[in-house]
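**Student:** Fold the following and give me the result.
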Amino acid sequence: MSHRVRNRLSSQFDSHGIVRQLHDVPPHEVYEVVVDGRRAVYKGDTGPTGNAGIEGRVIDFVGRETSVPVPETLLVADGYYVAAWRSDAPGPDEQHHADETWAHAAGRGLATLHAETRGTVDRYGRFDAEGGELAIDGDDSWHDAALAYVRRHRPILARHGHADVANAVLDHLVERPSLLDGADEPVCCHGWATPEHVAVADGRVACLVDFEHAVAAPGEFDYWRTSMPTFGPEPGELRRRFREGYESVRSLPAGFDARRPAYVLLNLVYYFESLYVQEQRGRTETAKRAEMMRDEVFAILDELP
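**Tutor:** Take a look at the predicted model:
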């Protein structure tokens, strides 16, 4: 709500104004604002699953530690952040799509994020704040972190009648402790590097925004989180170009393709939560979509050894 945004801005800046709302999808709200004479973006939590304060710290970290172009953070606080406006960021009113140029550049950009955060991220798991600084609430093992990832999303699935989906994925991971063996070291993963979050100009990434899904994980987690929703399940020229771009910067580890089904399962668990938290479909369409995802999860589990 705008009064919450006004109260937060007035406590932190000498002057402020709200221009317009850019996005209102639970659990976050996004506004174009002006603070101390600067055009900016405000993003804040609207629900218990929001993590805008952590997201702001991740953006600040990426801006300091890498060459990946991200907005400058002007303020990071508990539950919200303010970042400088970038005219080269993906526009909220634009149509976004992937073509061959975008796919190759986005692959290079994602690989650059991973390559340049290698060694600065020392555990697998979710980002957190500790004493106001970015931290990782995670594990030394990617397998253990993957289990924690599913367990973290399970309560919302259970609330909507899909606890059996989370339980089935958990059981599969527990019974196959070597399923994710061979994955690479933890890096900062963007978590949703699709065209609406990655602007490309002149054949390279111009600006990367929206780190609300960021996680410390193997680079291949981020690769599949981008590739699957952007290019679909079937091989094609855009997927080939994306992979070509990625591997021009950073090699993918042995066994990468064989581990793909495990990442599909992890992503589907998240998609279940997103389906209900974001409330973007009516009841009938939500139920239909949930049933399709249930079928996909159990079909993958049936096919895996």
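**Student:** can you give me the strands in the stretch 51-200 of the chain?
**Tutor:** 73-77, 80-84, 124-130, 133-139, 186-189, 198-201 (DSSP state E, counting those that start in this stretch).
**Student:** quick one: secondary structure of Arg20?
**Tutor:** strand (DSSP: H, G, I helix; E, B strand; the rest coil).
**Student:** pLDDT at it, what is it?
**Tutor:** On the pLDDT scale, Arg20 is placed at 95.
**Student:** And the nearest residue to it once chain neighbours are set aside, how far from Val19?
**Tutor:** Setting aside the residues directly before and after it, Arg20 is nearest to Glu32 in space (C-beta to C-beta, 6 or more residues apart in numbering), at 5.2 Å. C-betas here are computed from N, CA, C, even on glycine. Glu32 is 4 Å from Val19, where distance means C-beta to C-beta, to the nearest Å.
**Student:** for Arg86, same thing?
**Tutor:** For Arg86, the distance to Val19 - C-beta to C-beta - is 15 Å.
**Student:** ok, these two, which is more surrounded?
**Tutor:** Arg86 (18 against 14; other C-beta atoms under 10 Å).
**Student:** Spit out the contact partners of that one.
**Tutor:** With contacts defined as C-beta atoms under 8 Å, 6 or more residues apart in numbering, Arg86 is in contact with 71, 207, 209.
**Student:** again, but for Phe61
**Tutor:** Phe61 touches 134, 188, counting by C-beta under 8 Å, 6+ apart.
**Student:** Okay, Tyr271 and Ala193: tell me how far apart.
**Tutor:** For Tyr271 relative to Ala193 (C-beta to C-beta), the value is 16 Å.
**Student:** List the residues that contact the nearest residue to Asp139 once chain neighbours are set aside.
**Tutor:** Spatial nearest neighbour of Asp139, chain neighbours left out: Ala145 (4.5 Å); criterion: C-beta to C-beta, 6+ apart. Residues in contact with Ala145 (C-beta under 8 Å, 6+ apart) are 123-125, 138-139, 216-217.
**Student:** Do a quick rundown of the helices in the stretch 51-200 of the chain.
**Tutor:** 52-65, 100-117, 142-159, 163-175 (DSSP state H, counting those that start in this stretch).
**Student:** what mean pLDDT would you report for the shortest one?
**Tutor:** Mean pLDDT, computed over helix 163-175, is 97.
**Student:** buried set for that helix?
**Tutor:** 165-166, 168-170, 172-173 (16 or more other C-beta atoms under 10 Å).
**Student:** quick one: low-confidence ranges for the protein?
**Tutor:** 1, 279-281 (pLDDT under 70).
**Student:** sorry, back to before: same list (the strands of the stretch 51-200 of the chain) but as a markdown table, adding distance to Thr49 and mean neighbour count.
**Tutor:** Output for these, formatted as a markdown table (distance: least, C-beta to C-beta, whole Å; neighbours: other C-beta atoms under 10 Å):
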| stretch | distance to Thr49 | mean neighbour count |
| --- | --- | --- |
| strand 73-77 | 18 | 19 |
| strand 80-84 | 15 | 22 |
| strand 124-130 | 12 | 19 |
| strand 133-139 | 15 | 17 |
| strand 186-189 | 18 | 27 |
| strand 198-201 | 23 | 21 |
